[in-house]
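A.B. asks: sharing a model prediction with you, sequence too.
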Amino acid sequence: MATEKEKKKSNTENKKDSQSKKDKKADVKKAPDKTDEIRELTEQLDSEKDRVLRLSAEFENYRKRKQREFDDFKKFANETVFKSLLTVVDNLERAIQAAEENPDEGGLLEGVKLTHKEIMRLFETFNVKLVEAQDQPFDPNYHQAVTQVETDEYPDNTVTSVLQKGYILHDRLIRPAMVVVSKKVEKQTEKTKEN
């Protein structure tokens, strides 16, 4: 006969075996759950990859479309300026034709003056302004000094004459005025003359 200790030991081992069998069954049940979970995660990953590829393709198409639009904008940005200049060209052609048909110099001069006035009005439309230079203090930001002239008529470092006009587009200088700048006449003293 088995002793009480042996019975308890045997019962404990049986419980362990039955628990072990239950754990194995649970593992078997969990295994299909893990497979399903892996399959589900794989599907989610494939779905996200597909979404990222589509977004990437959409972005690439957007980038190409914007580049084409930008290229077209650069190509035709000055269209309105050139359309406006066409009337000036027409007037110059009429002035040339009038000068060829009628050699009256006064008519040609008048035609050129009207054309110049129209160009200046066009400049004003597009915010192109003349750089004020004549009789102004020399400003290297807007003036380009070509030479200096010694004179007592103007204060030192003043624009005495403008060789080529300068222009500003909005607030940006597009061409500086080419100018002649005054320089004070150095008066020689009697002592210098004697030497």
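C.D. replies: Received the coordinates, thanks. The structure presented is a predicted model; accordingly, all values stated were derived computationally and were not measured. Numbering: from 1, shown residues only.
A.B. asks: please, which helix or strand holds the spatially most central residue of the chain?
C.D. replies: By C-alpha atoms, centre = their mean, the chain has its centre lying nearest to F70, at 10.6 Å. Assigned by DSSP states H and E, F70 falls within helix 4-76.
A.B. asks: any buried residues in the very next helix or strand once past that helix, and which?
C.D. replies: In the C-terminal direction, the helix or strand that comes right after helix 4-76 (DSSP H and E) is helix 79-101. Neighbour counts using 16 or more other C-beta atoms under 10 Å place 84, 91, 95, 99 of helix 79-101 among the buried residues. C-beta here means a position set from N, CA and C on the backbone, and glycine is covered the same way.
A.B. asks: any idea of the mean pLDDT for helix 79-101?
C.D. replies: The average pLDDT within helix 79-101 is 78.
A.B. asks: repeat that for stretch 175-191.
C.D. replies: For stretch 175-191, the mean confidence score works out to 79.
A.B. asks: now swap in stretch 56-72 and tell me
C.D. replies: So the average pLDDT for stretch 56-72 ends up being 94.
A.B. asks: with only the CA atoms kept, save it in CSV.
C.D. replies: Extracted C-alpha coordinates of stretch 56-72, given in CSV (Å, rounded to 0.1, in the frame of the first residue of the first chain):
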residue,chain,number,x,y,z
SER,A,56,5.0,59.1,-53.5
ALA,A,57,3.6,58.8,-57.1
GLU,A,58,1.1,61.6,-56.4
PHE,A,59,3.8,63.8,-55.0
GLU,A,60,6.1,63.1,-58.0
ASN,A,61,3.2,64.0,-60.4
TYR,A,62,2.5,67.2,-58.3
ARG,A,63,6.2,68.2,-58.4
LYS,A,64,6.4,67.7,-62.2
ARG,A,65,3.2,69.6,-62.8
LYS,A,66,4.4,72.5,-60.6
GLN,A,67,7.8,72.5,-62.4
ARG,A,68,6.0,72.7,-65.8
GLU,A,69,3.8,75.6,-64.5
PHE,A,70,6.9,77.4,-63.2
ASP,A,71,8.7,76.9,-66.5
ASP,A,72,5.7,78.3,-68.3
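A.B. asks: how distant is that stretch from the center of its chain?
C.D. replies: Taking the mean of its C-alpha atoms, stretch 56-72 sits 17 Å from the chain's own mean (C-alpha atoms, centre = their mean, to the nearest Å).
A.B. asks: one step back: which one among the buried residues of helix 79-101 gets closest to K113?
C.D. replies: A95 (9.7 Å; C-beta to C-beta).
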